[in-house]
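Student: Need coordinates for the following:
(one chain, ligands or ions: 2)
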Amino acid sequence: MGYEAIYRHSIEQPEAFWAEQARAIHWRTPPKQILDYSRPPFRRWFVGGETNLCHNAVDRHLAARGDQLAIIGVSTETGQTRELTYRDLYREVNTFAAVLQSLDVGKGDRVVIYLPHTVEAAVAMLACARIGAIHSVVFGGFASHNLALRIDDAQPKLLICADAGSRGGKVIPYKPLVDEALELSSAPPPHVLVINRGLDPQSPMTPGRDVDYATASTAHANADVPVQWLESNEPGYILYTSGTTGKPKGVQRDVGGYAVALMLSMKMIYDVGPGQVMFSTSDVGWVVGHSYNVYGPLLAGATTILYEGLPTVPDPGVWWDICARYGVRTMFSSPTAVRALKKFDADYIRRHDLSALQYLFLAGEPLDEPTAQWIQDALGKPVIDNYWQTETGWPVLSLMPGVEMKPTKLGSPGLPTPGYRLRVIDETTGEDAAAHEKGVLVIEPPLPPGCLSTIWGNDERFLAGYFGHFKQPLYSSLDWAIRDEDGYTFILGRSDDVINVAGHRLGTREIEESVSSYGAVAEAAVIGVSDELKGQVPVVFATLRQTGDDAARAEAAKGMRQTVEHNLGAVARPARVYIVNALPKTRSGKLLRRSLQALAQGADPGDLSTLDDPGALEEVKQALARGPDVGG
Ligand code: ATP
Ligand code: MG
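Tutor: Ligands and ions are numbered 1, 2, ... in the order given. Predicted structure coming up:
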């Protein structure tokens, strides 16, 4: 079947379609009802079916592929590589699960995991899944304040952390951050399980509360912990969104629907099957890490690579070296990461043997054309943009080479994936937008399997935040989009990233795209700044591929301005261009436009708790004090 037939089947006969997909996983008890939609917009898939994510990701593969590699952990921070077969993984997960049980963790208990992107993190997640505990992974390196907020929301029975992480060779002690978070928290768990990596010899331990994993696990070295079967709709995990636009939301995901959706996506979208190798450069702290570093590849019986380190250390060829070494078939990364590599010679990519590599998928933010073109030229392989959210758990828009490779259109993440009834509708009237007309991207419920069940402990926020925007109950993505006559969808940025210049509504993303097309630019952020005359004017903050003196900066700034004027017209012409060495981003690599805008208007930058590099904010402040490189 080609793409159209599959998609149509999923929309016209969702129950038949998903019943068939559900056969790809192991059910202890098969589902009694495929879809229960008696309480819209809540929906339940595979009702009455009993399954377990850990069983499907680990135990199920032992017979046929016990000696095949399951997880490869490569760390350029510690210089270590760990290779675990499915049998090794089974052993580690069972031991870990036994330790969890010894700490009185069981079905339905929450466990906050605050670990670096290591094999141990994946093992901890799978161990929770095995015993029916609900994990909530918090990106390692978030500050204690962020961690405390998430602890208060999830109310965990246990927190799992490491002594330390490492970034660019610099050890970042985690344990003191955890101790601080537990002091800030109103719901601290009774125990903290500490995985000592030997990075921080000073790591503090609180007797009675803190448990050393190496010590605790010796008694359970050969444990076999029975799988806790869960009804398909019981919660599997909680994951907080990036917090780009406000207070993070605790996305709650089920087990059965998630497993089925991931199996479909591994096959149809990422084209990775048993015995093949997938390398996603994300972190376990994000949704991509959950779906395509851990659960997806393991459910599929594939090999997954977990990389801890920077993409440019020891040199910008490190990822491609890993691809060549392990015969990676499908790679998954982000536009931010590619832009970081784009500052270096493409030869760092070309010099490696990438004959096994079939695709590079990119997601997380808009993929601008120059970045897409650069990496496509460097790799000589298809670069596939895919669009989704923490909430959806798997792609909403993508091309599906596992089914049929449709032509790519630069700037578009492609076509709807199975089960997603997508519409682009006018923000005010709620009517469908015509082809090439801008609107809000919405999903007609019921949401397909894999998408969030609700917001943890907060059904009202789920209803109001996602379904409360239009007269009809439609799930709003809160992203702008247009669709062309072939059904390709283009994402134009977040619906709150629109500026109004003298009555013209402009998407900051369109202007960014135009700025980025100017050759000297590495990365650009565009925001709207209030203006007495025009309401708002576009202001650009950009980094250059090569740093230069004042004259070079002024020249580049002028070039960007002319490019925008030429591409989008005088109305979009940036009022000011500031050239900086770094842009403020969240830890997940997304631009913090909201903070940039506040600073540019002399206001308080607001909640900066998800900010990655405080230096970038300083850069912006200094640039503002110094004055623009072009404009007044
Ligand atoms: P929060 O919801 O807490 O503000 P967030 O939206 O950044 O944070 P994520 O769920 O990690 O958290 O990101 C999803 C968003 O990322 C999408 O809604 C969209 O704005 C953007 N995005 C993801 N993939 C793409 C893509 N391929 N093209 C354009 N934008 C994308
Ligand atoms: Mg979001």
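
Student: what residues does stretch 308-319 touch?
Tutor: 73-78, 116-118, 166-169, 279, 281, 307, 331, 333, 337, 340-341, 344-345, 348-349, 351-352 (Cβ atoms under 8 Å, 6 or more residues apart in numbering). The C-beta positions use only the backbone N, C-alpha and C, and glycine is treated the same way.

Student: mind checking the end-to-end distance for that stretch?
Tutor: Start to finish, the residues bounding stretch 308-319 are 11 Å apart (Cα to Cα, to the nearest Å).

Student: Mind telling me which residue of the stretch 351-500 of the chain is nearest ligand 1?
Tutor: Thr390 (3.3 Å; Cβ to the nearest ligand atom).

Student: Count the residues that sit near that residue.
Tutor: Residues lying near Thr390 (other Cβ atoms under 10 Å) number 21.

Student: Please apply the same query to Gly487.
Tutor: 15.

Student: And the one 4 residues further on, by the same measure?
Tutor: The number of residues packed near Ile491 is 23, by other Cβ under 10 Å.

Student: Need the pLDDT of Asp496.
Tutor: The per-residue pLDDT reported for Asp496 equals 69.

Student: do Thr245 as well
Tutor: pLDDT, Thr245: 62.

Student: Could you do His566 as well?
Tutor: His566 carries a pLDDT value of 89.

Student: So it, which state does it fall into?
Tutor: Following DSSP: H, G, I helix; E, B strand; the rest coil, the label given to His566 is helix.

Student: Kindly provide the distance from it to Ser514.
Tutor: 8 Å (Cβ to Cβ, to the nearest Å).

Student: quick one: which of those two has more around it?
Tutor: Higher neighbour count among His566 and Ser514: Ser514, with 23 against 12, using other Cβ under 10 Å.

Student: does that one sit in a helix or strand, and which one?
Tutor: helix 508-516 (DSSP states H and E).

Student: I'd say Met278 and Thr304 touch.
Tutor: Yes - if you go by Cβ atoms under 8 Å, Met278 and Thr304 touch, sitting 5.6 Å apart.

Student: which residues do those two both contact?
Tutor: Residues within reach of Met278 and of Thr304 at once, by Cβ under 8 Å, 6+ apart, are 292, 297.

Student: Establish whether the helix holding Ser514 and ligand 1 are in contact.
Tutor: No - if you take Cβ under 6 Å from any ligand atom as the test, helix 508-516 misses ligand 1, and the best it gets is 7.9 Å.

Student: so what's the spatially closest residue to Leu89 that is not a sequence neighbour up against?
Tutor: What sits nearest to Leu89 in space, not counting adjacent residues and going by Cβ to Cβ, 6 or more residues apart in numbering, is Ala70, at 4.5 Å. Applying Cβ under 8 Å, 6+ apart to Ala70 gives the contacts 58, 61, 84-86, 88-89, 298, 303-304.

Student: need the helices for the stretch 401-550 of the chain, in chain order.
Tutor: For the stretch 401-550 of the chain, the helices defined by DSSP state H, counting those that start in this stretch cover 459-467, 508-516, 550-568.

Student: swap in the stretch 201-350 of the chain?
Tutor: Using DSSP H, counting those that start in this stretch, the helices of the stretch 201-350 of the chain run over residues 213-218, 256-268, 287-288, 296-299, 318-326, 335-341, 347-350.

Student: Figure out which of those is closest to Leu35.
Tutor: Comparing these against Leu35 with Cβ to Cβ, the closest turns out to be helix 256-268 (9.9 Å).

Student: For that closest one, buried residues please.
Tutor: Across helix 256-268, burial judged by 16 or more other Cβ atoms under 10 Å covers 256-268.

Student: list the helices and strands it packs on?
Tutor: Other elements packing on helix 256-268 under the criterion 3 or more Cβ pairs under 8 Å, 6 or more residues apart in numbering; DSSP states H and E are helix 14-21, strand 44-47, helix 53-57, helix 296-299.

Student: Relative to the whole chain's centre, how far out is it?
Tutor: On the basis of Cα atoms, centre = their mean, to the nearest Å, helix 256-268 sits 17 Å off its chain's mean C-alpha point.

Student: average model confidence for that helix?
Tutor: On average, helix 256-268 scores 98.

Student: Likewise for stretch 612-632?
Tutor: 90.

Student: Out of the helices of the stretch 201-350 of the chain, which is closest to Pro448?
Tutor: Among the helices of the stretch 201-350 of the chain, helix 256-268 comes nearest to Pro448, with 6.7 Å by Cβ to Cβ.

Student: what's the angle from the closest one to helix 14-21?
Tutor: 70 degrees (axes from the mean of the first three to the mean of the last three Cα atoms, to 10 degrees).

Student: mind listing the strands for the stretch 101-250 of the chain?
Tutor: 110-114, 134-137, 158-162, 164-167, 170-173, 191-195, 210-212, 230-231, 237-240, 250-253 (DSSP state E, counting those that start in this stretch).

Student: Could you list the low-pLDDT ranges of the stretch 251-400 of the chain?
Tutor: Across the stretch 251-400 of the chain, nothing is flagged by pLDDT under 70.

Student: Alongside ligand 1, which residues does it contribute?
Tutor: 363-367, 385-390.

Student: hmm, 5 Å instead?
Tutor: 363-364, 366, 385, 387, 389-390 (Cβ under 5 Å from any ligand atom).
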